[in-house]
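Peer 1: need a structure here:
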Amino acid sequence: MALHRSCGPLISSPLPTPATTPTSTILIHSCPPTVCINARVRNTTTKPLRATASTPQKYVYPDPIPEFAESETHKFRAELSRKLLKYKATFGDDFSSVIDVCAEIFSEFLLKEYGGPGTLLVDPFTDMLVALKEKELPGAPLAARATLLWAQNYLDQDRDVWNSKSSK
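Peer 2: Presented below is the predicted three-dimensional model:
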């Protein structure tokens, strides 16, 4: 045991490390670190530390369910009609055309891309906005916003209910 001139004995102790990593030694002083400016850690390694490469696991979302898509599109159409009915003056004679465009794009999304909670994308709703504007249908922003809000509030929940019924 060595003596440190200002604070007394030094104790050499290896740091606990896994078997695959190099060891380090720490010199433990009997004085508080604020008093001794010579307290330090000595690295006794001969090999550099290496990071282990691991491939992160990827979560695979379930495939879309055609029966769910059909059922949910029917519900979506009814709910959107009910929600937008109070703005019927905004849509005028094009009310049913607006509902048809939104329901068609929503159905395509459910059939091709929606795999359950965590897979709701904003793309179909921006596609609705663009399609309504291209067809020069009135109230495009209002309709697209209403469809997105409906999907955020009900789609994942409805999919969970659908799966719980089908697993029984």
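Peer 1: what about stretch 56-69, start to end distance?
Peer 2: Using C-alpha to C-alpha, to the nearest Å, the end-to-end distance of stretch 56-69 comes to 31 Å.
Peer 1: Kindly report the domain assignment for the chain.
Peer 2: 2-43, 66-166 (automatic domain parsing).
Peer 1: Report the mean confidence score over the last one.
Peer 2: Meaning domain 66-166. Domain 66-166 carries an average pLDDT of 95.
Peer 1: Show me where this structure has its helices.
Peer 2: 66-84, 88-91, 95-112, 123-134, 140-166 (DSSP state H).
Peer 1: for the ones you listed, which one ends up most surrounded?
Peer 2: Stretch with highest mean neighbour count among these: helix 95-112 (a mean of 19; mean count of other C-beta atoms under 10 Å). (Glycine included, C-beta is placed from N, CA and C.)
Peer 1: Taking their axis directions, that helix and helix 140-166 sit at what angle?
Peer 2: 40 degrees (axes from the mean of the first three to the mean of the last three C-alpha atoms, to 10 degrees).
Peer 1: can you offset everything so residue one is 90?
Peer 2: Taking 90 as the first residue, the last one we looked at is helix 184-201.
Peer 1: packing partners for helix 184-201?
Peer 2: helix 155-173, helix 212-223, helix 229-255 (3 or more C-beta pairs under 8 Å, 6 or more residues apart in numbering; DSSP states H and E).
Peer 1: Provide the contact partners of that helix at residue level.
Peer 2: 153, 155, 157-159, 161-162, 165-166, 169-170, 173, 177, 180, 210, 212-213, 216-217, 220-221, 224, 226-229, 232-233, 236, 240 (C-beta atoms under 8 Å, 6 or more residues apart in numbering).
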